[in-house]
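**Q** Here is a sequence with its predicted model. Questions after.
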Amino acid sequence: MKNMQFAIIGLGRFGLSLVKELHRMGLDILAVDLDKNKVNLARDYATYAVEADSTDEQVLKTLGIRNFDVVVVAIGENVQSNILTVILLKDMGVPMVVAKAQNHLHGRVLEKIGTDLVIYPERDMAIRVAHSLVTKSVLDHINLSSEYSILEIITPNLFVGKTIRENNIRKKHQVSVIAIKRGEEIIVNPTPEETILAKDILVVLGKNNYLDKLSDM
C-alpha cells in the first residue's frame, strides 16, 4: 500500500500540530496557508509548505490537491474561507475532506455541503480530558459522532493471553478492535487469531454506551 498523502490547509495551532504529528508518523504532508510566517513554521515538518489562497480554484489545481488522499481544512477564524475551500475540494473530487468547525452551526453547514468528517478540536479535547480524569483505563478518546467514538484503552486483564476470537470481543462487547499498539509496533486491523498481550493498548471503535462498559472493565 502506498503511503497516504495529506494536505493541511490552515496552519494555526491546530493545523500546525496536525502537521507535526503526521510528520512524526512518517507521512507525506502538504501544508498550506496565506500567512508566510505560518508557512515558514511548517517547513521543518511538511514535505511541502506553500503560501497560497485555498479559496482560489486555480491555485488548488496547481497544487495538485485532488491527488491527495485526505485534505484537512483547518482554517479557524475565517468561516467563509473555511466553507468555500471545502466546496472547492468536494467539487474537485478529493476523496476525503475533513474540516474544522468553530461551533455547532458551522458544523451543520459543513455537513450539508458534503464534508466527509467534521471535527471540533476544542470540544473533542475537552471530552478526552474528561474521560482520562474519570476512567484511568482510557488513554485517548476520539469522538466521531453523538453515538460513536474510538478509544485507546489499557487491555483488560480478562483479555490477556487469548485471541480476539477467543475473547469474542465483537459479539460479547459490541465493539471492534481496529488496531493494537504493542510498544513501538502498531498492528492495524488485527486478525481474529491475534493474541492479546498484557501490555497491549487496544484501539476500539463502537457505540459510546458499549465503549463505556468496556472501559469500566
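**A** Right, received. Where do you want to start?

**Q** Does residue 42 touch residue 30 like I think?
**A** No: no contact is recorded between residue 42 and residue 30 when judged using C-beta atoms under 8 Å, the distance being 9.8 Å. Where you see a C-beta, it was placed from the backbone N, CA and C, and this is true even at glycine.

**Q** list residues touching both of these two?
**A** Common neighbours of residue 42 and residue 30 are listed as 8, 49 (criterion: C-beta atoms under 8 Å, 6 or more residues apart in numbering).

**Q** And for residue 116, the neighbour number?
**A** For residue 116, the number of neighbouring residues by other C-beta atoms under 10 Å comes to 17.

**Q** and what of residue 51?
**A** A total of 15 residues lie near residue 51 under the criterion other C-beta under 10 Å.

**Q** switch to numbering from 9
**A** Yep, numbering from 9; the last one is residue 59 now.

**Q** Okay, and the beta partners of it?
**A** When bridges are assigned using DSSP bridges, the partners listed for residue 59 are residue 41.

**Q** That one: what's it in contact with?
**A** Listed by C-beta under 8 Å, 6+ apart, the contact partners of residue 59 are 40, 41, 42, 43, 44, 47.

**Q** right, and out of the residues you listed, which lies closest to residue 189?
**A** Each of the contacts of residue 59 was scored against residue 189 by C-beta to C-beta, and residue 40 proved nearest at 30.8 Å.

**Q** ok, and the closest non-adjacent residue to the closest one?
**A** residue 17 (4.6 Å; C-beta to C-beta, 6 or more residues apart in numbering).

**Q** Residue 81 now?
**A** What sits nearest to residue 81 in space, not counting adjacent residues and going by C-beta to C-beta, 6+ apart, is residue 107, at 4.2 Å.

**Q** Per-residue pLDDT of that neighbour, please?
**A** Per-residue confidence (pLDDT) for residue 107: 91.

**Q** any idea how far residue 73 is from it?
**A** Per C-beta to C-beta, to the nearest Å, residue 107 is found 14 Å from residue 73.

**Q** With residue 103 instead?
**A** Here the distance between residue 103 and residue 73 works out to 11 Å (C-beta to C-beta).
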